[in-house]
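Colleague: Output the structure for:
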Amino acid sequence: MEFGLFVQGYLGKRAETDPLAEHKALMEETEYAIQADKSGFKYVWASEHHFLEEYSHLSANDVFLGYLAHATERIHLGSGIFNPLAQVNHPVKVAEKVAMLDHLSEGRFEFGSGRGAGSHEILGFLPGITDMNYTKEIWEETIAEFPKMWLQEEYVGFQGKHWQLPPRKVLPKPYGKSHPAMWYAAGSPPSYAMAARKGLGVLGFSVQKVSDMEWVLEQYKSNIAKAEPVGDFVNDNVMVTTTAVCAPTHEEAVRIAANGGLHYLPSLVFRYHDTFPRPEGFPAWPETLPEYNEEIIELLIAEELLICGDPDEVLAQCKRWEQAGADQLSFGLPVGISREDTLQSIRLIGEHVIPKIDTDPVHRTTRFRQAA
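Modeller: Numbering: from 1, shown residues only. From the prediction side, this is the model:
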């Protein structure tokens, strides 16, 4: 199992007390990615969201990742996601950005795509549309065109329902062999199966705990074996995200987590991701979950909803994800936890956890791309 970091320009309530909170959050997250590179993490994923106050201010992730291409050496840089709906980002512009980032990172770019977070975000670009399923057909008609734009010397062009392009040379072409690995941000069981049939890796932002891996693997791995890839190769990969806090002692890790405002992020998730079914008893916005105390943090650890503890405990918790079948575990570290504590978690995981689980020096996606 490989390891990644997920950043999204999360502010939470910081802006209420700090007028520079937005700037600090973005700059801190570049620092986290640079430290993750030094600490042996293989991936960093940067979101693309629009209009989602407090939850995600990382809208221009191509700019963010372009900076990281120069500031890092080994870590792969992933769009988590680029939104390829023509009304949000024209597909040709997306193809050009992917190839440019592939060059600037010298083959370290990962192309994750998806349809956006929910109605507040996506319908802002689709005036007059009220059905979120409308975005599915736009994505479906678009995704298979990217490898053609990258690999055909002159792209044959496209005449679809939602966008058109006459024959053109789409430049630059990707760096080196083939093209970057392709991923899809999946939520429901059918979307895992659909991504697998297309040969796409899955960014599993909806996987909450280890026991969720059973249905994920059932939907994904049974279909990836018979994939008809839209790209040059099958990216057999399931990435899942969780929150991690690692400290020298269990007590310190629990204290950090309890003081980290972790209750606020899930409240924002259900504020904006209105296509997700809200759990029974979960408060409707603007009500939020109550603040977590140390007792709740211990319960979340026991229920495998949070990675938290000293390095040995975090190692054991990560091994549970590996045993369950996750190909990549990515940590959404920068929630409400301080910069110093976040960097400490990255360093400790890099020193004590990653070397004991991920022993392959080559990225899984690099092997797929080289074999294309």
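
Colleague: show me what contacts the residue nearest to Thr365 when sequence neighbours are not counted?
Modeller: Using CB to CB, 6 or more residues apart in numbering and skipping residues adjacent in sequence, the residue nearest Thr365 is Ala181, 3.8 Å away. C-beta: built from backbone N, CA, C; applies to glycine. Contact analysis of Ala181 by CB atoms under 8 Å, 6 or more residues apart in numbering lists Glu110, Phe111, Gly201, Phe233, Asn235, Asn237, Thr365, Phe368, Arg369.

Colleague: all helices of the stretch 1-150 of the chain, in order?
Modeller: For the stretch 1-150 of the chain, the helices defined by DSSP state H, counting those that start in this stretch cover 21-38, 61-71, 91-104, 119-122, 134-142, 145-151.

Colleague: So which of these is nearest Ala244?
Modeller: helix 21-38 (11.7 Å; CB to CB).

Colleague: Can you tell me what sits against the closest one?
Modeller: 5, 7, 9-11, 14-15, 18, 44, 57-58, 64, 67-68, 71-75, 333-334, 339, 342-343, 346-347, 350.

Colleague: what about 7 Å?
Modeller: Helix 21-38 has contacts (CB atoms under 7 Å, 6 or more residues apart in numbering) with 5, 7, 9-11, 14-15, 18, 44, 57-58, 67-68, 71-75, 333-334, 339, 342-343, 346-347.

Colleague: Can I get it as CSV, trimmed to CA atoms?
Modeller: Once non-C-alpha atoms are left out, helix 21-38 reads as follows in CSV (Å, rounded to 0.1, in the frame of the first residue of the first chain):
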residue,chain,number,x,y,z
ALA,A,21,-6.3,32.8,7.3
GLU,A,22,-6.9,32.1,3.6
HIS,A,23,-3.3,32.9,2.6
LYS,A,24,-1.8,31.0,5.5
ALA,A,25,-3.9,27.9,4.8
LEU,A,26,-2.7,27.8,1.2
MET,A,27,0.9,28.4,2.0
GLU,A,28,0.9,25.9,4.8
GLU,A,29,-0.5,23.3,2.5
THR,A,30,2.4,23.8,0.1
GLU,A,31,4.7,23.3,3.1
TYR,A,32,2.9,20.0,4.0
ALA,A,33,3.3,18.7,0.4
ILE,A,34,7.0,19.6,0.4
GLN,A,35,7.5,17.8,3.7
ALA,A,36,5.5,14.8,2.5
ASP,A,37,7.9,14.6,-0.5
LYS,A,38,10.9,14.6,1.9
